[in-house]
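> Show me how the following folds:
(2 chains)
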Amino acid sequence: MTAADLWAIFIGLSFVAYIVLDGYDLGIGVFTLLERDDRRRRAMYELVARAWDGNESWLVLLAVAFWGGLPLAFGIALPALYIPLILMLWSLIFRGFSIELIAQYRGWQRGWGLAFGLGSLVATLCQGAAFGGLVAGVAVRRGAFAGDPFSFLHHGYAVLTALSVLVLYLFAAAAWVYYNSSGDLQAWAARTGRMVTVLLAAATVACWALLQPAGTTTLDPGSARVAVWLPGAVVLASGLFYAYRGFGRHPDAGPVWGALAVYAGGVLVALGLLYPHVVPPTITVHGAASPSGSLTFLLIGVGLSMPGIVAYNSYAYWAFRGKLPSTEEVTPIAPREVVSP
Amino acid sequence: MSQQTLVDLSRWQWAITAGFHITFPSVTVGTSVFLVLCYAAYMRTGREVYLRMFRFWRRIFAVGFGLGVVAGIVLTFEFGLNWGGFAHNVGPILGVIIGMEVVTAFFLEAGFLGLLIYGDGRISQRMMLFSAAMVSLGTLLSVTWILAANSWMQTPAGYTLVNGQFLPHNWVQIIFNPSFGWRILHMLMAVLISASWFVTGISAWYLVRRRHLDVGRRGLSIGLGAAAILLPLQLYLGDGLAFNYVGPYQLTKLEAFEGNWTSTNTGYNVLLWPDQSAAKNDWVITIPWVGSAIAKDWSGKTPTPGLLLTPAPLRPLVLPTFYGFRLMFFGALLMFAAAMIGVVLRLRGRLYTAGWYHKGLVALTPIGILAIIGGWVLAETGRQPWLVYGKLLTANAVSPLDAWQVLASLVLFIAVYLMLLGTYIWYVARVVRDGPEESPIPEPARAPRPPVPSTLAAPPVGGVR
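Residues are numbered from 1 along each chain as shown, chains lettered A, B, ... in the order given. From the prediction side, this is the model:
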């Protein structure tokens, strides 16, 4: 195992941690746009407000791990994905600001709620578009990006991946809400969750089938790769099935486990199809890697910090454990709606 | 559009996004320390006023912290988005340093932030104090890593250059590069000082309005006390920084921020208007003798070096470098004077009654933040045209983007950030106007579980009047 492989694993783990953690809170953000009931919407805000900052830290870790570990790939991929990534950054800004204001201030809740929901939606779509634009291939010449601003779209493939990631995050969000709620909110999460699970199955097939026709990536699904992507596909499908069954049944954590399996399976499929390419079709992990001296230093830092990170983030989740208060009992928030006895 | 336009637009975008970002740490790093002090005082004395201060300042802290975090994510991505060549060349060094910032500082802050902001009633008092302390420690660590990274770009060390890429050779030399020690102390002082004036100014407003006097007096006393101790230290550090790092390593920066072209001026330039292409000043107001005195020659015979010593293509722009320095330095002198007046008033027992002084303090609320922005304009424009000083030119590090793309994102960044800044100021103003909670407030009991109380369903403290 080379230094480059270790870097790739570290980047991959940051990637998984990010999409698992921020996926559910972006998805909940999109759901708040659809939810008309004030109390249920506030319960959803609460799930996000106490965790978004920690979840987004993984995005920063993903970016810097990518930068520090594969600087050549980072310097090519980001200019290639300029439009979706800049839009994503603006959306994340609006989202983070809005959720803090919703939590800290009573005025203009509707407006901040809308900004939060739209920010979540656009950020999600942009992440999906960026992912599609990357896996479908980036034009490279002399170690730099050589396409035009819209070449990430790949004849619409990026639109498909954008919608698919939206469905994925909605799926994760439904599972998380189902686990954390009770009563009418939980029943709603079960109904929505089943619907989204079916959509996700369809989206996954579409993304897989259209990758080769749309992209510049030459896939070789046979050979040794099948040993990685085929089990991944099985895990993914089982996760979808388990989650579909779990919505509306005990234990409440069922869909969350299903969602984790979907993430794990999906990452295995992507890995099996793309590795060792990091910016297909030209740049591989080994061609883009930093020297091993960088690796050692950061891995020591990560090794020393990670137990602490896991410990105090787990503590934070533990401190906020338990169901949200039943939405039927929550006092409406807008002061003018409070009828004092 | 030309390559130069692309470089200029990319630089403007970086300057504006970085300047916007730095505004928030300038408030929140010091405020987080202040929150720890308030809560520790509350636990030690049991006096409710400290709890009300803690909760009040926490509301101002939370939104600023959130904005700082998301504005910081933008910068991480811009390293690759706009500066792909830079990302490739320095990634093995700076990517790792920023990576260390994330794993040691960001996760620490993020892990405890939720507990600090929403933990009332769910965690014990000791855990709340610990959470506040850990958030504060995280912000301080974050400043430290960022300063290590930026200082390495100012005085690169401990690397080997292979095919244009900087590879790490000695991490101790990389992190403790020649300018790091002075610059980290200077910046830590700066963020604590800027937060002191922020706290002091808002507290003084309550004294002017004669509302919430207990909260206002304590905030004023702590803020001014910190400023009075830190400012003399900061003036000493700034002087040491100029002599131990700028002079020996970046003389060109000194030539630019003192606004001299020829090396004959023994005076000190207060105001000027430079003509960069003609390599002279259109007009200048100079105080004789002081320039030499600053160089520790009291006879008045030592001239300040001028930019003609540096070849024209390697000269930074005088206008932003000179006035960035003036904003920082004159701001510091003003703060020093105000802090010393505070000491005199305190010794004469008139600190809480001198109304004219309180009004002045309200006006000084943002001065520390402005001084920090001035200082960074000086540090960053003064080292141009280099990105890694003496090694990597800014113009060679830019991403090969379409200049229109960068222009569009720049314009929208300006629009978005102006709106956010306006909203943030509006928010702080509203929170301040609403004021801290009235006494008595119920002690947040540890709730039975389940069910746990909703953090958001409860109206935020203070509320709308």
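
> can I assume residue B:67 is in contact with residue A:97?
Yes: Residue B:67 is within contact range of residue A:97, at 5.6 Å (criterion: CB atoms under 8 Å). The way it works is simple: take the backbone N, C-alpha and C, and place the C-beta from them, glycine included.

> shared neighbours, the two?
B:420, B:424 (CB atoms under 8 Å, 6 or more residues apart in numbering or on different chains).

> wait, doesn't residue B:310 sit right on residue B:252?
Yes: contact criterion CB under 8 Å: residue B:310 and residue B:252 qualify, at 4.7 Å.

> so what secondary structure elements neighbour the lowest-mean-pLDDT helix or strand in chain B?
Least confident helix or strand of chain B, by mean pLDDT, DSSP states H and E, is helix B:290-294 with a mean of 78. Packing partners of helix B:290-294 (3 or more CB pairs under 8 Å, 6 or more residues apart in numbering or on different chains; DSSP states H and E): strand B:268-275.

> one step back: residues in contact with the least confident helix or strand of chain B?
With CB under 8 Å, 6+ apart as the test, helix B:290-294 has contacts from B:258, B:265-269, B:298-304.

> Could you give the number of residues near residue B:218?
Residue B:218: 19 surrounding residues under other CB atoms under 10 Å in any protein chain shown.

> my hunch is that it is in a strand, does that hold up?
No: counting by DSSP: H, G, I helix; E, B strand; the rest coil, residue B:218 is not part of a strand but helix.

> looking at it, it is touching residue B:51, isn't it?
No: look at residue B:218 against residue B:51 with CB under 8 Å: they stay out of range, at 11.9 Å.

> which helix is the longest one in chain B?
Longest helix in chain B, counting residues (DSSP state H): helix B:3-45.

> What residues of the helix or strand just after it count as buried?
Once helix B:3-45 ends, the next helix or strand along the chain (criterion: DSSP states H and E) is helix B:48-81. Residues of helix B:48-81 classed as buried: B:49-81 (neighbour count, 16 or more other CB atoms under 10 Å in any protein chain shown).

> near chain A, from those?
When those are checked against chain A using CB under 8 Å from any CB of the partner chain, the ones in range are B:59, B:62-63, B:65-67, B:69-74, B:76-77, B:79-81.

> ranges for the strands of the stretch 301-450 of chain B?
Using DSSP state E, counting those that start in this stretch, the strands of the stretch 301-450 of chain B run over B:386-388, B:392-393.

> Can you say which of those is packed in most?
Sort the strands of the stretch 301-450 of chain B by mean neighbour count, taking mean count of other CB atoms under 10 Å in any protein chain shown, and strand B:386-388 sits at the top with a mean of 21.

> Walk me through which strands it pairs with, and which way each runs.
Partners of strand B:386-388 in the sheet, by DSSP bridges, are strand B:392-393 (antiparallel).

> Now residue 69. Nearest residue, chain neighbours left out?
If you meant another chain, say so; for now it's chain A. residue A:7 (3.5 Å; CB to CB, 6 or more residues apart in numbering or on different chains).

> could you do chain B instead?
Nearest one to residue B:69, counting by CB to CB, 6+ apart, is residue A:53 at 5.9 Å.

> Ok, residue B:271 next?
residue B:285 (4.6 Å).

> The one you found: what secondary structure?
Strictly by three-state DSSP, residue B:285 counts as strand.

> Do you know the pLDDT at it?
For residue B:285, the pLDDT comes out at 86.

> on that earlier part again, got the CA positions of the least confident helix or strand of chain B in CSV?
Listed in CSV are the C-alpha atoms of helix B:290-294, where the atom choice follows Å, rounded to 0.1, in the frame of the first residue of the first chain:
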residue,chain,number,x,y,z
VAL,B,290,9.6,61.1,13.4
GLY,B,291,10.5,58.6,10.7
SER,B,292,14.1,58.5,12.0
ALA,B,293,12.9,58.3,15.6
ILE,B,294,10.7,55.2,14.7
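
> List the contacts of the nearest residue to residue B:262 once chain neighbours are set aside.
In space, residue B:262 comes closest to residue B:306 once its chain neighbours are excluded; the distance is 4.7 Å by CB to CB, 6+ apart. If you count contacts by CB under 8 Å, 6+ apart, residue B:306 has them with B:255, B:260-265.

> for these, which one is nearest residue B:402?
residue B:255 (36.1 Å; CB to CB).
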